[in-house]
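Asks: Sequence plus the predicted model coming up.
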There are 2 protein chains.
Amino acid sequence: MSICYIDGVWRPTAQCTLPVTDLVIQRGVGVFDSLRIYRRKALAITAHMKRLEGSAVSAGIMIDGKDIIKDMTRIVREGALRDDCPDEGDCIAKVYITGGDSIDHGYFTNPRYFVIFEGGTKILPEEYKKGVALQPTSERRPYPLVKSINYLFGLMQGAGLDDVLECLYCPDGLVMETLRSSFFICRDGKIITAPIGSVLGGVTRSIVLELAREAGFTVEERCPRVEELALADEAFLTSSWKEVMPVVRVGETVIADGGSGPVAAHLQKLYRENIDKWLDK
Amino acid sequence: MSICYIDGVWRPTAQCTLPVTDLVIQRGVGVFDSLRIYRRKALAITAHMKRLEGSAVSAGIMIDGKDIIKDMTRIVREGALRDDCPDEGDCIAKVYITGGDSIDHGYFTNPRYFVIFEGGTKILPEEYKKGVALQPTSERRPYPLVKSINYLFGLMQGAGLDDVLECLYCPDGLVMETLRSSFFICRDGKIITAPIGSVLGGVTRSIVLELAREAGFTVEERCPRVEELALADEAFLTSSWKEVMPVVRVGETVIADGGSGPVAAHLQKLYRENIDKWLDK
């Protein structure tokens, strides 16, 4: 069962509400982040909380020094240890800061915040083997560094498409990121991925790049051109929940032979083996 | 006091909530519309409800034939006649449809909906005389025909700027619309405004254009170029609440002599005189 911390108390998420006056409902004023919890310990909690803080500040949500972030860090740690934490603390914590009810010259002076813990279907080895497909879109994601809840137009890109996980942003013929994940191609022994700024600074992305460099891979941080998808030896995405997931098709373009590749599998193995390094102490 | 219809009942808006599980909170999945109510009668209710329906369908929110729209039309009419309708039925009704808790292949199969009635500060004659300033942005509004709640990036454009009402979208050097209003310039006796598709089909926009044509004005539906702002004889915006409001400055560009112009004043007068034609029977 999912649990939520809101207004100073823990409750089943199904019982938690926000006022309809909150600008997150009326005008999409909200930022969030998702942290993977392994064995009751959050992964890279400091990086996630720093990113959340940056999103809030960019969005004009006044978070009052660092008190909200500090409190949310405490809540994530507390929730992970609770008896009713989903899947015995092997789950996701979604941290939200909303605009609250008032706007003053474009700034949101009375934010609300809450944290939802939820389980998820564990990804099976055969799913990593099979990989996922993405739908390319020429749309540009506005403000990629601000992780806001404004996902509607991104979700619309993949609507009604069977077997497609989500959209892949490819504005001006350049490959950026997917709706929820960082994206990589492998070509001629190199791993190529869009640089931070063009895309969100993915937490899993940075861990995987660190592991890849340590393992001797050459990493190029530049946006692949769309034409390179057809030439790639393999492709994969990274996210807190999916970790390192092969991408076998982008729209009509089948990547390599349409199966998962050895680099993604190797990095997924390294990720799992080294995860302790990034877990909360 | 603001009132709200949600979950089948009327309540003070301050007591109304949505579950945190609703995708409007988690991922910005929500569409809305704002109807002006004059003397307990909604303006152009059919046009607004048709637009709301179009927004919902485009967003992938399954509204189950026309039942939700029919019910919301009933709610707007019922609310306008209630004793506790704000400002004795001279107010705004904001109609929302949210994505609900579940997504199925990009479609939202269990939407929620609610209607908020709220009063507003009446705009004084001297405010129409003074006009408003806008902040230009080179950002493009995605999907202008879908009136979704995803306003955060638009709100960020005007943050911290004193004396600026909101942003004016000017992608690729073309003038589109403001965050919440339709935008017009007057030049050499013509009224020029962006065509529907480039911008939302504004309800006040279409009424004002009809009145302008009847009054003998030539209307050009094309996007003005940004350079034309400096050459304009006057500029104005239209919206349900502001009706016809002069725009006297866009960024650094002062429009004409920086005061309100005769065309906007004339159209505002015509609008007020003819409003009965568009009111609910």
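Replies: Received it, and whenever you're ready, just let me know what you need.

Asks: How about the contacts made by A:Pro86?
Replies: Residues near A:Pro86 by Cβ atoms under 8 Å, 6 or more residues apart in numbering or on different chains: A:1-3, A:117-119. Where you see a C-beta, it was placed from the backbone N, CA and C, and this is true even at glycine.

Asks: Out of those, grab the one that's most surrounded.
Replies: Using other Cβ atoms under 10 Å in any protein chain shown as the neighbour test, the contacts of A:Pro86 are led by A:Phe117, with 27 neighbours.

Asks: where in the stretch 51-200 of chain A is pLDDT low?
Replies: Scanning the stretch 51-200 of chain A with the threshold set as pLDDT under 70 gives A:66.

Asks: ok, 80 please
Replies: A:64-66 (pLDDT under 80).

Asks: how about the residues of it near chain B?
Replies: A:58-60, A:94, A:96, A:98, A:103, A:105-107, A:114, A:116, A:139, A:142-143, A:146, A:148-153, A:155-156, A:158-162 (Cβ under 8 Å from any Cβ of the partner chain).

Asks: Buried only: go through those residues for me.
Replies: A:58-60, A:94, A:96, A:98, A:103, A:106, A:114, A:116, A:139, A:142-143, A:146, A:148-153, A:155-156, A:158-159, A:161 (16 or more other Cβ atoms under 10 Å in any protein chain shown).

Asks: Mind checking which of the residues you listed are in helices?
Replies: In helices, defined here by DSSP state H, the members of those are A:58-59, A:152-153, A:155-156.

Asks: Kindly indicate which of the residues you listed lies nearest B:Leu81.
Replies: Within those, the smallest distance to B:Leu81 is 33.3 Å, found for A:Leu152 (Cβ to Cβ).

Asks: residue contacts, that closest one?
Replies: Residues near A:Leu152 by Cβ under 8 Å, 6+ apart: B:27-30, B:59, B:146, B:148-150.

Asks: For chain B, see how far away A:Gly8 is.
Replies: From A:Gly8 across to chain B, the span is 15 Å (Cβ to the nearest Cβ, to the nearest Å).

Asks: And A:Pro12, by the same measure?
Replies: Here the criterion is Cβ to the nearest Cβ. By it, A:Pro12 lies 11 Å from chain B.

Asks: Repeat that for A:Lys122.
Replies: Going from A:Lys122 to chain B by Cβ to the nearest Cβ gives 20 Å.

Asks: separation between that residue and B:His105?
Replies: Going from A:Lys122 to B:His105 by Cβ to Cβ, to the nearest Å gives 22 Å.

Asks: Kindly report the same for A:Ser55.
Replies: Going from A:Ser55 to B:His105 by Cβ to Cβ gives 28 Å.

Asks: can you check A:Arg187 too?
Replies: A:Arg187 is 32 Å from B:His105, by Cβ to Cβ.

Asks: so which two of the contacts of A:Pro86 are the farthest from each other?
Replies: Farthest-apart pair in the contacts of A:Pro86 is A:Ile3 and A:Gly119; separation 10.3 Å (Cβ to Cβ).

Asks: The residue in the stretch 151-281 of chain A that chain B sits nearest to - nearest residue in space that isn't next to it in sequence?
Replies: As assessed by Cβ to the nearest Cβ, chain B sits closest to A:Ala159 within the stretch 151-281 of chain A, at 3.0 Å. Using Cβ to Cβ, 6 or more residues apart in numbering or on different chains and skipping the chain neighbours, the partner closest in space to A:Ala159 is B:Gly106 (3.0 Å).

Asks: In contact with that neighbour, which residues are there?
Replies: A:155-156, A:158-161, B:60.

Asks: Quick one, grab the pLDDT at the nearest residue to A:Glu234 once chain neighbours are set aside.
Replies: Using Cβ to Cβ, 6+ apart and skipping the chain neighbours, the partner closest in space to A:Glu234 is A:Gly261 (2.9 Å). We have a pLDDT of 95 for A:Gly261.

Asks: Likewise for A:Gly258?
Replies: pLDDT recorded at A:Gly258 is 94.

Asks: I figured it was touching A:Pro246, is that so?
Replies: No: contact criterion Cβ atoms under 8 Å: A:Gly258 and A:Pro246 do not qualify, at 10.2 Å.

Asks: More neighbours: which of those two?
Replies: Higher neighbour count among A:Gly258 and A:Pro246: A:Pro246, with 24 against 10, using other Cβ under 10 Å.

Asks: Now do the phi/psi pair for the closest residue to chain B within the stretch 1-150 of chain A.
Replies: Of all residues in the stretch 1-150 of chain A, the one sitting closest to chain B is A:Gly106 (3.0 Å; Cβ to the nearest Cβ). A:Gly106 has phi and psi values of phi 90, psi 0 when expressed as degrees, to the nearest 10.

Asks: Equivalent analysis for A:Arg74, please.
Replies: For A:Arg74, the backbone dihedrals are phi -60, psi -40 (criterion: degrees, to the nearest 10).

Asks: Spatially nearest residue to A:Thr21 (excluding sequence neighbours)?
Replies: For A:Thr21, ignoring the flanking residues on the chain, the nearest one in space by Cβ to Cβ, 6+ apart is A:Asp101 at 4.6 Å.

Asks: from memory the one you found sits against A:Val24, does it?
Replies: No: A:Asp101 is beyond contact range of A:Val24, at 10.2 Å (criterion: Cβ under 8 Å).

Asks: neighbour-wise, which of those two wins?
Replies: Each of A:Asp101 and A:Val24 has its neighbours counted (other Cβ under 10 Å); A:Val24 has more, 32 against 17.

Asks: Please, which helix or strand holds the more buried one?
Replies: helix A:23-27 (DSSP states H and E).

Asks: name the helices or strands packed onto that helix?
Replies: strand A:91-98, helix B:23-27, strand B:91-98 (3 or more Cβ pairs under 8 Å, 6 or more residues apart in numbering or on different chains; DSSP states H and E).

Asks: I'd like the ones you listed as JSON lines, with distance to A:Thr178 appended.
Replies: Output for these, formatted as JSON lines (distance: least, Cβ to Cβ, whole Å):
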{"stretch": "strand A:91-98", "distance to A:Thr178": "17"}
{"stretch": "helix B:23-27", "distance to A:Thr178": "14"}
{"stretch": "strand B:91-98", "distance to A:Thr178": "24"}
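
Asks: And the residue of the stretch 151-281 of chain A closest to chain B, how far from B:Phe108?
Replies: Applying Cβ to Cβ to A:Ala159 and B:Phe108 gives a distance of 9 Å.

Asks: what does A:Cys85 give?
Replies: For A:Cys85, the distance to B:Phe108 (Cβ to Cβ) stands at 28 Å.

Asks: Repeat that for A:Ile61.
Replies: Look at A:Ile61 and B:Phe108: by Cβ to Cβ, they are 26 Å apart.

Asks: likewise A:Cys91?
Replies: 24 Å.

Asks: Have a look at the two and say which one is more surrounded.
Replies: Taking neighbours as other Cβ under 10 Å, A:Cys91 and B:Phe108 compare with B:Phe108 leading, 29 against 22.

Asks: Distance of the more buried one relative to chain A?
Replies: Distance from B:Phe108 to chain A, by Cβ to the nearest Cβ: 9 Å.

Asks: So which elements touch the helix or strand hosting A:Gln135?
Replies: For A:Gln135, the element it lies in under DSSP H and E is strand A:132-137. In terms of contacts (3+ Cβ pairs under 8 Å, 6+ apart), strand A:132-137 is packed against strand A:164-169, strand A:243-250.

Asks: angle of the first one against strand A:243-250?
Replies: Our comparison of strand A:164-169 with strand A:243-250, counting by axes from the mean of the first three to the mean of the last three Cα atoms, to 10 degrees, yields an angle of 80 degrees.

Asks: list the buried ones in strand A:164-169?
Replies: Applying 16+ other Cβ under 10 Å to strand A:164-169 flags A:164-169 as buried.

Asks: what's the domain layout of chain A?
Replies: Domain assignment of chain A by automatic domain parsing yields the ranges A:3-118, A:125-278.
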